[in-house]
Every structure is written in C-alpha cells, then in structure tokens.
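1. Please work out how this folds:
(chains A and B)
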Amino acid sequence: MNITDFLFFVFAGLVIAAALGVVLSRNPVHSVLFLILTFFACSAIWLMLEAEFLAITLVLVYVGAVMVLFLFVVMMLDINVAKMREGFVNYLPVGALFAVAIVAAMIWVVGPVGPDVMGTASLDQAVRHAADYSNTEALGEILYTDYVLPFEIAAVILLVAIIAAIALTLRRRPTTKYQTPGKQIKVKRNDRLKIIKMDAEVSND
Amino acid sequence: MNEMIDNLLATGLELWNWFPADWQTFLLILGKVVLILVPLMLCVAYITYAERKIIGYMQVRIGPNRVGPRGWLQPIADAMKLLFKEVIIPTRSDRFLFLLAPVLSIMPALAAWAVIPFDRGMVLTDVNAGLLYILALTSIGVYGVIIAGWASNSKYAILSSLRVGAQIVAYEIAMGFALVGVLMASGSLNMGDIVEGQAGGISSWYIWPLLPLFFVYFISGVAETNRAPFDVAEGESEIVAGFHVEYSGMAFAVFFLAEYANIILISSLTALMFLGGWLSPFEGFVEAGHWLGETHIFWFFAKACFFAFCFLWFRATFPRYRYDQIMRLGWKVFIPVTIVWLFVEAVMVVAEVGPWAV
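-> Numbers count the residues shown, from 1 in each chain, chains lettered A, B, ... in the order given. This next block holds a predicted model:
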C-alpha cells in the first residue's frame, strides 16, 4: 500500500465516520460540525483525484460560507433533545425507505450493474497528469466554451433565486426607525449647534 | 579541524542517505515548515510588542520598557505568564469544542503560509490554485471564533460569535471579488506568477490599475482579522471581550496568536498581490545591475511591514464602527465598488489599456 492509497483510506474512513456523526450525534450543533468535517474530508479526496479547483471551491463555498450561516441558525435554536427524539420510531420507516432508495440509485449509477453513466468502466485507463497540469484552467476552458450557455443560465437562475429570497424576507415594519448614514455624515456644525455671543454678566454686589 | 568537519559532514550525509527516499522528502518538507513557522511565531510575538510601543508613542507615552533592554523581552515574559496560567473551563460549556476552538482559529492562519512565496522560488508548495487556497483558508478561520462563542455557554460570547459570523461572511465576498480583479490582471492563480506579472518597477504594480480593489481588499482584510475599527467581536465596552471572554491562559493566548498571525498574513498578501512582493520599486528606473533594481526578499518584508504597521496605526486612530454601519460598508459600498471596477477592468483588458498579462 503506497502513501496515496493510505491517505485515500484515511480520508474515506473520515468521510464515513463524520457522516455517521451527522445523523447520530444528539446535539444539532455537533451535527453541523460533523457535516463540515465531512465536506473537508471529501475535498481532500477530490484533491487526490487531481480536481483541486473543485476541492478548494468546496471548502471555500460550503465550509467557508454556507455552513457558517447554517451553524449560525442552529446555534440560536433552543434545543430540547428529549423532544427531538420523540418521533423517532414514527419517522423510521420513511427514512429507511429513502435511505434504501438512495443506496439503490447510487449502486445503479456507479456500481457494476446498470448503465455506465459515470464512465466507471474506463477508470482503469485514467492517467496521472503531469505536475504542470492545471485543473482550474481545464475547467475554465470547458465552462466558457462548450458549456457557456448552460453555465450562464445557471448563473442567472442563481441570481433570480437570490433576489427572490431577499424579496420574500424583506419587510419593513412601520415601527422600526431607520438612519441614513449619508445624511448623518453630511451634518455640519451649524445644523445642530448655535453659538451666541453674550456680554459677561457683572454682579452688582 | 577541517578533517573533523569533513568527517562530521560525511557521517551526516550517511545518516541522511540511510533514510528511505519517501522519508527524505517528508523530512525536507518538515524542515521547511519549521523554517517558516519559527520566524513567523517570533514575528507574531514581536508584533505584539511593536503594537504596544507604536500605539504608546502615538499616544505620547512610552509603552513597555521594564522587561529586558528597552522592554525587548516583554513578549517572552507575556508568553511565560500565559503558559503558567490555569486554563479554566466553564462548567456548563462544551468541553471538547471549547478547547478545539483556539486550534481551529490558529490552524488556517498558519496553513495559509504554505503557498506564500517569500522570494523568487522560495515557497513551500508552488500550487497552481494558490490564490483560491488562500481564499478558502482565510474563510474557514471564522469557525474558531464561532465555536468559541457557542461552546463557552455565555451570553456575551455568543453575541460576539453572531457578530463575527455576519461580519466575516459579508467582507469575504468583497475580498473574493477584489481577488478576482487580481486574477484578471495576472491571468493566474499562482502566487509566484501574480508577483512576476508586476515586474517593471513601481509603475507596473497592480495597485495602480486596481486601486479601488486594493482599498477594498485591505479594509476587508482589517475587518476579517477583527481588528479595530472593525473589532465589534471583542467590543470591550459592550460585550466585555466577546468570544474569548471565558478563555484564560494558553487557550486565550492561541486566539491572540491567531489574530496576529492573520495580520501578518493579510499584510503579506496585500504586498504580494498589489505591491509586487519581492520586486524592487526602482526596477527600470536605475540602470540594470544596480543593487536597488534587484529583486530581494528584503522588499517583500519592507512592504509587508508597512501594511502591518497600518493595522496598528488604524487601531490608534479610528473609533470603533457601529455594527449596522459595518454591515452597510460591506454590503452596500464594497461589493458594488468591486463589481463596478471588475467591469471597468474587463473593458480595460479588452481595449488593451494597462499592464495586462493576457
């Protein structure tokens, strides 16, 4: 077993262990942190597959931004662990059904049976690229030439989603007081302060 | 005498060759890591001293001057004090996460140095996606603070971690866009190539065509490190000390080290990406071969030190921002500025105005 294989098994084991941690830990905050660990270990595996752009983007987007907001929300929950575990048996059949369906679908897609959509049969012929191979450049070239239209459409859909999310949550309560920083900065001394001249008072004593 | 040294060298070489080839690579990398981290930690220790001295002089007082000559041993004394203090863990805190948080906060600050080139070819790992790697690592530094705030089980600490979470996510976007500008100018994600793209003296540095992005990047850098005037995470007048209010001893010191390591990191990155790193400002202005025009690691240190000084200068100069104005600055000022400038830059690239690599 060479070092690459060894690292693969370490990270693959970590992915599985952390993924189990996501569903098994009692505290939702711990679950989120386990999910972050899962992403991290996944990105390490992608790095070993020479997909460094995807690997780093996974860390940058999911670990660096999405999960921060996730954690943000979960941290503020008032957690009652006993109440959360109540419906476990009721939900179990549905959950198990989905789990079985997903495993079956994954075996169908990447396993030995079913159509070879992922091209796993040709994996044996995969070649190691030279050290100067840039995954970022290769991805960019394909994205902005062959797939430029789907790529732009995806971008526009995301933009629409952002605007929709903001529009849905934007509400102005009439009771809230707003400040306009621009106006606050523009304030001059004369607007607020009046200096008056007066004669010194002379006491008559 | 010479014979003895020769013998010693020969035995050393023999010992070295005795290791398998894999181990030799590993040991070499480990050696380089030590060579980077030890000076870095010394810099971190002495930037705390510099901060106290510089702010002291700015406020017309002397600063630390008791420990060692002119107070030079002050950081060592501080480190010893913190080492021997007890680490108190609050009773209802999450013990594991409480101790993990400082580690999570210093780890990205140190790991980012793997791709920082100090001089031509003087870099630990010369990866192609260096800029992305740095962006990813600076973005995960926030976990240390967030987890510290939650695990402490304290109201002040959690308030601080909420503030930090929102602030860092906001400024990271502006920071990322500013780096997109650098990427467009250099046509490369490799840190070494970005610096080499600025060859030709002070006039070809990216700071000139990317001036708005430079300001956005540096100010966002100050906000990302939670330094004054963006230090609402600590906000001692409102929430005591924020996320590290429950920390003591070495656990607190690690947060402190991470903050200063981040300052040095942001300063170095600004020097590399906008001021041409190790390139001389006089290149092309003095005749070829003159020492002033040569590239040297000294130039990199000088530029990085200037920005590190700015961090301290800001702290002595500016009052703390109000929180809603921090958010306004990040979302409503910086992000539009960067987007507009990226368009301007794209037009400049197409019209071939400016020193573009493409």
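2. Kindly list the main-chain dihedrals of the closest residue to B:Glu259 other than its chain neighbours?
-> Using Cβ to Cβ, 6 or more residues apart in numbering or on different chains and skipping residues adjacent in sequence, the residue nearest B:Glu259 is B:Thr225, 6.2 Å away. Any C-beta I mention is one placed from the backbone N, CA and C, and that applies to glycine too. B:Thr225 adopts backbone torsions of phi -80, psi 0, taken as degrees, to the nearest 10.
3. Please report how far B:Thr225 lies from chain A.
-> Distance, B:Thr225 to chain A, using Cβ to the nearest Cβ, to the nearest Å: 16 Å.
4. Tally up the residues packed near that residue, please.
-> Counted with other Cβ atoms under 10 Å in any protein chain shown, the neighbours of B:Thr225 add up to 25.
5. what's the answer for the one 3 residues further on, then?
-> Neighbours of B:Ala228 under the rule other Cβ under 10 Å: 18.
6. nearest residue to it other than its sequence neighbours?
-> B:Arg315 (4.0 Å).
7. So that neighbour sits against B:Ile55, correct?
-> Yes. In this structure B:Arg315 lies within contact range of B:Ile55 using Cβ atoms under 8 Å: 6.5 Å.
8. that older thread, which helix or strand lies directly C-terminal to the helix or strand harbouring the residue nearest to B:Ala228?
-> Here B:Arg315 sits within helix B:297-317, counting by DSSP states H and E. Following helix B:297-317 in sequence order, the next helix or strand is helix B:323-328 (DSSP H and E).
9. Could you list every helix and strand that that following helix packs against?
-> Other elements packing on helix B:323-328 under the criterion 3 or more Cβ pairs under 8 Å, 6 or more residues apart in numbering or on different chains; DSSP states H and E are helix B:155-186.
10. any idea how far the helix it packs on is from the chain center?
-> Its chain's C-alpha centre and that of helix B:155-186 lie 14 Å apart, by Cα atoms, centre = their mean, to the nearest Å.
11. Quick one: mean pLDDT for the helix or strand following that helix?
-> Later in the chain than helix B:155-186, the nearest helix or strand by DSSP H and E is helix B:191-196. Mean pLDDT, computed over helix B:191-196, is 83.
12. quick one: contacts for residue 133?
-> By default, I'm working from chain A. By Cβ atoms under 8 Å, 6 or more residues apart in numbering or on different chains, A:Tyr133 lies in contact with A:Glu50.
13. Correction: the question concerned chain B.
-> A:Ile56, B:Ala112, B:Ala114, B:Val115, B:Val127 are the contacts of B:Tyr133 under Cβ under 8 Å, 6+ apart.
14. Highest neighbour count among these?
-> Going by other Cβ under 10 Å, A:Ile56 tops the contacts of B:Tyr133 with 26 neighbours.
15. Could you check which helix or strand contains that one?
-> Assigned by DSSP H and E, A:Ile56 belongs to helix A:52-57.
16. Need the residues that contact that helix.
-> So helix A:52-57 is contacted by A:43-44, A:46-47, A:135-136, A:139, B:127-129, B:132-133, B:135-136 (Cβ under 8 Å, 6+ apart).
17. where does the chain have low pLDDT?
-> Went with chain A since none was named. Within chain A, the stretches with pLDDT under 70 are A:1, A:78-85, A:112, A:114-127, A:131-132.
18. sorry, should have said chain B
-> Short version for chain B, where the test is pLDDT under 70: B:1, B:354-358.
19. Just the closest residue of chain A to chain B, please.
-> Evaluated by Cβ to the nearest Cβ, chain A has A:Gly64 as its residue closest to chain B, separated by 2.9 Å.
20. ok so that residue is a helix residue?
-> Yes. Residue state for A:Gly64 (DSSP: H, G, I helix; E, B strand; the rest coil) corresponds to a helix.
21. What parts of the stretch 151-300 of chain B come near chain A?
-> Selection of the stretch 151-300 of chain B residues close to chain A by Cβ under 8 Å from any Cβ of the partner chain yields B:Ile158, B:Ser161, B:Leu162, B:Gly165, B:Ala166, B:Ile168, B:Val169, B:Glu172, B:Leu189.
22. make it 10 Å
-> With Cβ under 10 Å from any Cβ of the partner chain as the criterion, the stretch 151-300 of chain B meets chain A at residues B:151, B:158, B:161-162, B:164-166, B:168-169, B:172-173, B:176, B:183, B:187-190.
23. ok, which stretches of chain B are helices?
-> Per DSSP state H, chain B carries helices over the ranges B:2-18, B:21-58, B:74-84, B:95-111, B:130-140, B:142-151, B:155-186, B:191-196, B:211-224, B:236-239, B:249-274, B:297-317, B:323-328, B:335-350.
24. B:Met58 - nearest residue in space that isn't next to it in sequence?
-> Distance criterion Cβ to Cβ, 6+ apart; nearest residue to B:Met58, sequence neighbours excluded, is B:Ala316 at 4.3 Å.
25. Look at that neighbour and say how many residues are nearby.
-> B:Ala316 has 14 neighbouring residues, counting by other Cβ under 10 Å.
26. do you know how far it is from B:Ala45?
-> Counting by Cβ to Cβ, to the nearest Å, the gap from B:Ala316 to B:Ala45 is 20 Å.
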